[in-house]
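In: the following block contains a protein sequence and its predicted model.
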Amino acid sequence: MSSAGKTSHLVRIALDLGPLVIFFGSYQYFGIFTATACFMAAVLFALGAGYVRDRRLPPMPLFTAVIVLIFGGLTLYLRNDVFIKMKPTVLYALFGFLLVGGLAFNQLLIKHVFAHAFVLSDKGWRGLTWRWAVFFLGLAMLNEIVWRNFSTSTWVYFKVWAVIPLIFLFALAQTPLILKHEIRADAEE
């Protein structure tokens, strides 16, 4: 990977994870309502910076930003932190059901997310779609369990320091499926 490619990749990671880090830091010093406002602002900033950088708004970050603004806005307007705690549940469940719904209509929606990274057979895309759908639905259930049974502080730590590693580890665990079903450009020639 070239130096420019590495820098571009690091910028993308910063834009994706930056709002969560800001949410966590704000929560530590100012509480859940200020953290929610900072999170909303950081998500909008990341979306704007991504647009300036790429000259387009990718669907997933845009969709996520809309959900953050709706649930964050409800949290702040009603002064009720339940809405920001429910946001991950709604987001993950929507992702999971969207993937399953796509399969029902013979659409491999996950392909649009990962097509830039690798090319798989339809069987591989289908398997990957099912796995991600089940994973997202599991994350939705896990978020519900945590926010309903533990303190706000525990939920914030879970959201920032457990969910991101879980997503990373799950993605890494998909490597065997990807390697098994990958269509290589040199194999086609």
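Out: In hand now; what should we look at?
In: report pLDDT for Ala140.
Out: The model reports Ala140 with a pLDDT of 98.
In: just list what the helix or strand harbouring it packs against, helices and strands only.
Out: Using DSSP states H and E, Ala140 sits in helix 122-149. Using 3 or more C-beta pairs under 8 Å, 6 or more residues apart in numbering; DSSP states H and E, the elements in contact with helix 122-149 are helix 82-104, helix 110-114, helix 152-161, helix 163-173, helix 175-181. Quick note: C-beta positions are derived from backbone N, CA and C, even for glycine.
In: so where is this structure shaky, pLDDT-wise?
Out: For the chain, the stretches flagged by pLDDT under 70 are 1-8, 186-189.
In: domain-wise, how is it divided?
Out: What the record gives for the chain is the domain set 1-78, 81-189, from automatic domain parsing.
In: chain center to the longest one: distance?
Out: The chain centroid and the centroid of domain 81-189 are separated by 8 Å under C-alpha atoms, centre = their mean, to the nearest Å.
In: I'd say Ser26 and Phe33 touch.
Out: No. Counting by C-beta atoms under 8 Å, Ser26 sits too far from Phe33 to count as a contact (9.6 Å).
In: what residues sit buried inside the helix holding Ala140?
Out: The neighbour-count check on helix 122-149 (16 or more other C-beta atoms under 10 Å) flags 124-129, 131-133, 135-137, 139-140, 142-144, 146-147 as buried.
In: more crowded one of Ser26 and Phe33?
Out: Between Ser26 and Phe33, Ser26 has the larger neighbour count (other C-beta atoms under 10 Å), namely 21 against 17.
In: now the angle between helix 163-173 and the strand or helix carrying that one, please.
Out: Counting by DSSP H and E, the element that carries Ser26 is helix 3-30. In this structure, helix 3-30 runs at an angle of 150 degrees to helix 163-173, with axes from the mean of the first three to the mean of the last three C-alpha atoms, to 10 degrees as the basis.
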